[in-house]
Each structure stands twice: as structure tokens, then as C-alpha cells.
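J.: Predicted coordinates and the sequence they were generated for:
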Amino acid sequence: MELERVKFHSSLEDFTSSVSIRIAKQEGEMSSGRGESPTMLSMKGERKLKYLVSLARTYQPYTLGVKVFMFSY
């Protein structure tokens, strides 16, 4: 597992948007040859986003902002 830079988000909405874009980019790279839209998330992408937002909500009361380690699978 490769860790990248830590990103600090001022709100849960900012975090959700950032993660959604990141997942869409990852899915776009995987489906670039199939002509699919990189802006729509697949069912798997939606589940991943919901899971990560759920984790962020769990830890949000313990932090001033939402701190996230972005990692590649």
C-alpha cells in the first residue's frame, strides 16, 4: 500500500467532493478504453465513497477538520 500526502479538508462536503473526484479519476483510468464517462461513479465507486464518508463522519468529532490519508489499492 502506497501512502500519499495528507490532505486537510475544512468540511465534510469538501472531503466528499475531493474523494468523489479521486474515485472517478481512478475509475476513468480503468475504463478509458471502454468509452465510459469518468464523471459517473460505478456501484463499486459509490460504495467506496459511502464507506469513506462514513469513516470521516466517525472521526470528525475528534478533529478540527477532516484528515484523510489518500491511498491506492
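T.: Yep, it's here. Numbering: from 1, shown residues only.
J.: Please name every helix or strand in contact with the lengthiest helix in the chain.
T.: Secondary structure of the chain read by DSSP state H shows that its longest helix is helix 12-30. Other elements packing on helix 12-30 under the criterion 3 or more CB pairs under 8 Å, 6 or more residues apart in numbering; DSSP states H and E are strand 2-9, helix 43-59, strand 66-72. From N, CA and C alone the C-beta is placed, and that goes for glycine too.
J.: Pull out the buried positions in the longest one.
T.: Along helix 43-59, these residues count as buried under the neighbour rule (16 or more other CB atoms under 10 Å): Lys48, Leu49, Leu52, Val53, Ala56.
J.: repeat for the first one
T.: Of all the residues in strand 2-9, those buried under the rule 16+ other CB under 10 Å are Lys7, His9.
J.: Report the mean confidence score over it.
T.: The average pLDDT for strand 2-9 rounds to 73.
J.: Direction included, what does that strand pair up with?
T.: Here strand 2-9 has these sheet partners by DSSP bridges: strand 66-72 (antiparallel).
J.: pLDDT weak spots in this structure?
T.: Low-confidence segments of the chain (pLDDT under 70): 1, 3, 31-39, 62-73.
J.: again, 50 this time
T.: 71-73 (pLDDT under 50).
J.: one step back: ok, of the buried residues of helix 43-59, which one's closest to Val6?
T.: Nearest to Val6 among these: Ala56, at 13.4 Å, using CB to CB.
J.: quick one: that closest one and His9, what's the gap?
T.: Here Ala56 is placed at a distance of 8 Å from His9 (CB to CB, to the nearest Å).
J.: Kindly report the same for Pro61.
T.: Remark: distance between Pro61 and His9 (CB to CB) = 15 Å.
J.: and the angle from the longest helix of the chain to strand 2-9?
T.: Between helix 12-30 and strand 2-9, the angle comes out at 150 degrees (axes from the mean of the first three to the mean of the last three CA atoms, to 10 degrees).
J.: how far off helix 43-59 does helix 12-30 point, in degrees?
T.: 150 degrees.
J.: Buried residues, helix 12-30. List them.
T.: Per 16+ other CB under 10 Å, helix 12-30 contains these buried residues: Phe15, Thr16, Val19, Ser20, Arg22, Ile23, Ala24, Glu27.
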